[in-house]
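Novice: Sequence first, then the predicted structure:
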Amino acid sequence: MLLTRIKGPRDLDRLGKEELDQLAAEIRSFLVDAVSKTGGHLGPNLGVVELTIALHRVFDSPKDKILFDTGHQAYVHKLLTGRQDFGGLRTKGGLSGYPSRAESEHDVIENSHASTVLGWADGFAKANEVLGREDHHVAAVIGDGALTGGMAWEALNNIAAAKDRPLVIVVNDNERSYGPTIGGLANHLATLRTTDGYERFLARGKDLLERTPVVGKPLYETLHGAKKGLKDFIAPQGMFEDLGLKYVGPIDGHDIEALESALQRAKRFGGPVIVHCLTQKGRGYEPAVQDEADRFHAVGVIHPDTGLPVKTAAASWTSVFADEMVKLGKEREDIVAITAAMLQPVGLKKFADAYPDRIYDVGIAEQHGATSAAGLASGGVHPVFAVYATFLNRAFDQVLMDVALHKCGVTFVLDRAGVTGDDGASHNGMWDMSILQVVPGLRLAAPRDAEQLRAQLREAVAVADAPTVVRYSKGVVGPAVPAVGRIGAMDVLRTPGPEVTRPDVLIVSVGALAPMCLEIAALLDKQGITSTVVDPRWVKPVDEALAPLADGHRVVVTVEDNGRTGGVGAAVSQALRDAGVDVPLRDFGIPQRFLDHAPRKEILAEIGLTAPDIARQVTGLVAKLDGRYDTEPAATVD
């Protein structure tokens with residue numbers, strides 16, 4: 001096999017055209033076989049095989065910087081830079097599913113959030129200029145979906161300001177991010193793909209378009225009309241060249257020779273250049289190509305021959321939300337939904353199918369999505385903006401100043417909250433309950449099970465004068481956790497019994513960690529320590545009934561799937577101080593550090609967020625209060 005002989009990028013230099021084509025086929029076969037066993041981003045990588053080979057033949061990594069936006073399409077890059085052991089992909093000690101600077105000097109950026117790469121590229125190009133490194137080059141790969149993000153256009157505006165600063169921008173245009181790319185830019189790129197000139201280009205193979213009519217007004221005029229006024233373009237590259245960027249393309253993204261030719265010309269140009277490459281997501285793997293939802297953007301463990309899941313998926317948090325949204329849409333015509341290019345992953349596909357006129361895909365533009373939601377709410381409807389918890393970070397200012405300041409009834413639904421695990425540091429949703437604590441008037445719910453998710457979503461959309469947030473975990477939703485009582489608006493999940501006048505520990509359980517908290521209580525019971533377990537349901541604001549309840553216990557313990565700094569534990573502590581309740585409090589959550597990729601269960605064990613670990617520490621705290629220090633470690637509940 002040719003692939004096994006590739007130990008680094010320069011090993012590609014000695015391969016001829018037929019060998020390069022053979023290598024591309026071997027890489028696709030390898031990816032299908034490897035990723036089907038571990039799960040991961042399959043479709044995006046199948047689409048960039050030839051493009052990645054061409055990049056590494058034209059540019060000299062790591063001296064030249066090859067940068068990938070988001071980075072989920074970097075598996076081919078890993079293979080060509082000497083990392084061909086995919087057996088532990090996305091598991092502890094194995095390869096990351098994204099570029100990782102700890103793995104290789106060829107991996108430069110690893111934040112895994114979209115639309116950022118052009119900002120990075122601009123910085124690297126400026127550094128080369130300042131330090132006089134004329135033999136260093138920068139190539140940034142960005143998808144057509146990521147180009148819908150505002151950060152990308154901010155960067156383009158700055159990149160174009162320096163006509164003689166070398167920088168190659170490769171637009172990987174597969175008409176998709178997760179699903180099909182939408183919006184004005186997508187329409188413009190579609191014009192480039194579908195003109196008669198492009199059809200002739202495909203027929204000729206490597207000939208480049210010189211001029212092709214554009215249908216309609218390009219996105220550039222929408223973005224910059226205030227400065228330029230309206231004008232008609234006569235060439236497809238007009239949108240980019242009017243920004244001051246040289247345009248090359250469209251290029252067949254699966255023709256290595258054509259790609260190399262275009263990249264070489266762009267590299268020699270001496271200024272910023274856009275190389276527009278047309279690729280097919282999932283190329284070479286028929287189950288992916290036939291998957292209209294997302295072309296196997298990300299898969300679990302699958303049968304490589306059929307692409308079907310090895311295991312039948314149990315009900316997930318996302319699917320519970322998806323079904324309830326359809327019901328809400330039927331009951332209330334004012335309910336609309338917003339997604340940031342992730343219709344399928346956040347569970348809004350069913351709503352979109354049922355109510356196609358009430359769904360808005362804003363592209364990879366969470367900031368715009370939040371402010372647009374404020375406008376929708378002010379206009380008389382109730383928007384539900386479903387987004388991964390980690391991506392809401394990008395729209396904090398808009399949540400604060402546009403939604404909350406204006407008292408807009410917008411519901412944010414945060415999927416993948418807490419430790420998500422295998423996608424690494426950038427995808428853990430461990431920040432939301434901390435950053436949202438500072439937003440005046442915002443109300444935040446953390447459902448513990450499917451029934452509570454349905455109920456709290458309904459409670460959230462009933463609020464018309466403030467932002468509401470419902471957050472839940474990734475993966476399978478657990479069994480129902482019934483309440484045994486209610487104090488204030490809080491559910492009581494466990495009591496020590498009427499004979500106990502002052503229990504030892506009040507455990508404040510947040511969201512899906514309720515089963516863990518009940519296990520902690522059972523472990524404490526074995527140590528002779530009595531406890532009460534409550535689920536606040538709405539963790540912001542802190543329920544007024546919590547302080548007097550805490551005052552009736554010796555110790556308060558909070559357990560949350562969020563960063564400890566500024567999280568629910570901190571809010572509860574402040575509420576107790578404000579109420580004059582002087583009870584010791586221990587907050588258990590995620591340490592404020594970036595967590596390496598690994599399965600969720602392994603990460604929770606590593607950071608001590610397990611029932612035995614917490615019970616052991618609480619036992620020690622109670623023993624200290626009692627003047628006892630010889631406690632035995634807590635055993636596991638049978």
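Specialist: Cool, got the structure.
Novice: Now do the buried residues in the helix ranked longest in the chain.
Specialist: Longest helix of the chain, by residue count under DSSP state H: helix 17-38. By neighbour count on 16 or more other CB atoms under 10 Å, the buried set for helix 17-38 is 20-21, 23-24, 26-28, 30-32, 34-36, 38. For glycine as for every other residue, the C-beta is placed from the backbone atoms N, C-alpha and C.
Novice: now these in a markdown table, with pLDDT and distance to residue 380?
Specialist: Listed next are these as a markdown table, based on pLDDT from 0 to 100; distance: CB to CB, whole Å:
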| residue | pLDDT | distance to residue 380 |
| --- | --- | --- |
| 20 | 95 | 58 |
| 21 | 93 | 58 |
| 23 | 95 | 58 |
| 24 | 94 | 54 |
| 26 | 95 | 57 |
| 27 | 94 | 53 |
| 28 | 93 | 51 |
| 30 | 92 | 54 |
| 31 | 93 | 49 |
| 32 | 92 | 49 |
| 34 | 91 | 51 |
| 35 | 91 | 46 |
| 36 | 90 | 48 |
| 38 | 89 | 48 |
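Novice: give me the low-pLDDT residue ranges for the chain?
Specialist: 176-239, 293, 628-638 (pLDDT under 70).
Novice: distance from the centroid: which residue in it tops it?
Specialist: In terms of distance from the mean C-alpha position of the chain, residue 499 ranks first, at 48.7 Å (CA atoms, centre = their mean).
Novice: name the element that residue belongs to?
Specialist: Under DSSP states H and E, no helix or strand contains residue 499.
Novice: Please apply the same query to residue 387.
Specialist: strand 382-388.
Novice: Packing partners of that strand?
Specialist: helix 317-331, strand 335-339, helix 366-378, strand 411-415 (3 or more CB pairs under 8 Å, 6 or more residues apart in numbering; DSSP states H and E).
Novice: what's the most buried one of these?
Specialist: strand 411-415 (a mean of 27; mean count of other CB atoms under 10 Å).
Novice: tilt between it and strand 335-339?
Specialist: 40 degrees (axes from the mean of the first three to the mean of the last three CA atoms, to 10 degrees).
Novice: Give me the sheet partners of strand 411-415 and which way each runs.
Specialist: According to DSSP bridges, strand 411-415 has the following sheet partners: strand 382-388 (parallel), strand 468-471 (parallel).
Novice: Dump it to PDB, restricted to CA.
Specialist: C-alpha atoms of strand 411-415 as PDB (Å, rounded to 0.1, in the frame of the first residue of the first chain):
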ATOM      1  CA  THR A 411     -36.000  30.600  24.500                       C
ATOM      2  CA  PHE A 412     -32.500  29.300  24.000                       C
ATOM      3  CA  VAL A 413     -32.300  25.500  24.000                       C
ATOM      4  CA  LEU A 414     -28.800  24.300  24.700                       C
ATOM      5  CA  ASP A 415     -27.900  20.900  23.400                       C
END
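Novice: how many degrees apart are it and helix 366-378 in direction?
Specialist: Using the same axes, to 10 degrees: strand 411-415 against helix 366-378 is 140 degrees.
Novice: Beyond strand 411-415, next helix or strand please.
Specialist: Heading C-terminal from strand 411-415 (DSSP H and E), you reach helix 432-435.
Novice: So which residues make contact with the longest helix of the chain?
Specialist: Identification of contacts with helix 17-38 by CB atoms under 8 Å, 6 or more residues apart in numbering yields 1-3, 6, 12, 15, 41-42, 45-46, 49-50, 53, 75-76, 79, 84, 86-91, 256-257, 283-285, 299, 301-304.
Novice: May I see the buried residues of the helix or strand harbouring residue 262?
Specialist: For residue 262, the host element (DSSP H and E) is helix 256-269. Burial within helix 256-269, assessed by neighbour count using 16+ other CB under 10 Å, is assigned to 256, 258-263, 265-267.
Novice: Closest one of these to residue 409?
Specialist: residue 266 (48.6 Å; CB to CB).
Novice: I'd like the distance between that closest one and residue 139.
Specialist: Distance of residue 266 to residue 139, given as CB to CB, to the nearest Å: 8 Å.
Novice: Overlap of the contact sets of these two?
Specialist: Common neighbours of residue 266 and residue 139 (CB under 8 Å, 6+ apart) are residue 168.
Novice: Let me know the secondary structure of residue 587.
Specialist: Using DSSP: H, G, I helix; E, B strand; the rest coil, the structure places residue 587 in strand.
Novice: isn't it right up against residue 576?
Specialist: No: with contact defined as CB atoms under 8 Å, residue 587 does not count as touching residue 576 (11.5 Å).
Novice: what about stretch 484-491, start to end distance?
Specialist: Counting by CA to CA, to the nearest Å, you get 7 Å between the two ends of stretch 484-491.
Novice: Ok, stretch 96-116 next?
Specialist: Using CA to CA, first and last residues of stretch 96-116 are 19 Å apart.
Novice: what does stretch 52-66 give?
Specialist: 10 Å.
Novice: Run the chain-centre distance for that stretch.
Specialist: Taking CA atoms, centre = their mean, to the nearest Å, one finds the center of stretch 52-66 at 27 Å from the center of the full chain.
Novice: Check which residues of it are buried.
Specialist: So, applying 16+ other CB under 10 Å, buried residues of stretch 52-66: 52-59, 61, 64-66.
Novice: What lies in contact with that stretch?
Specialist: Counting by CB under 8 Å, 6+ apart, 9-10, 12-13, 20, 23-24, 76-77, 80-81, 105-106, 108, 121, 124, 135-139, 141, 170, 256, 259-260, 263-264, 267 sit against stretch 52-66.
Novice: redo that, cut-off 7 Å
Specialist: 9, 12-13, 20, 23-24, 76-77, 80, 105-106, 108, 124, 136-139, 256, 259-260, 263-264, 267 (CB atoms under 7 Å, 6 or more residues apart in numbering).
Novice: How far off centre is the host helix or strand of residue 53?
Specialist: Assigned by DSSP H and E, residue 53 belongs to helix 49-58. Distance of helix 49-58 from the chain centroid (CA atoms, centre = their mean) equals 26 Å.
Novice: start to end distance for stretch 357-370?
Specialist: Using CA to CA, the span of stretch 357-370 from its first residue to its last is 19 Å.
Novice: got the contact list for the strand ranked longest in the chain?
Specialist: Determined from DSSP state E, the single longest strand within the chain is strand 555-563. For strand 555-563, contacts defined as CB under 7 Å, 6+ apart pick out 417-419, 430-434, 473, 504-513, 516-517, 550, 567-569, 572, 583-590, 592, 614, 618, 621-622.
Novice: With that, I have no additional questions.
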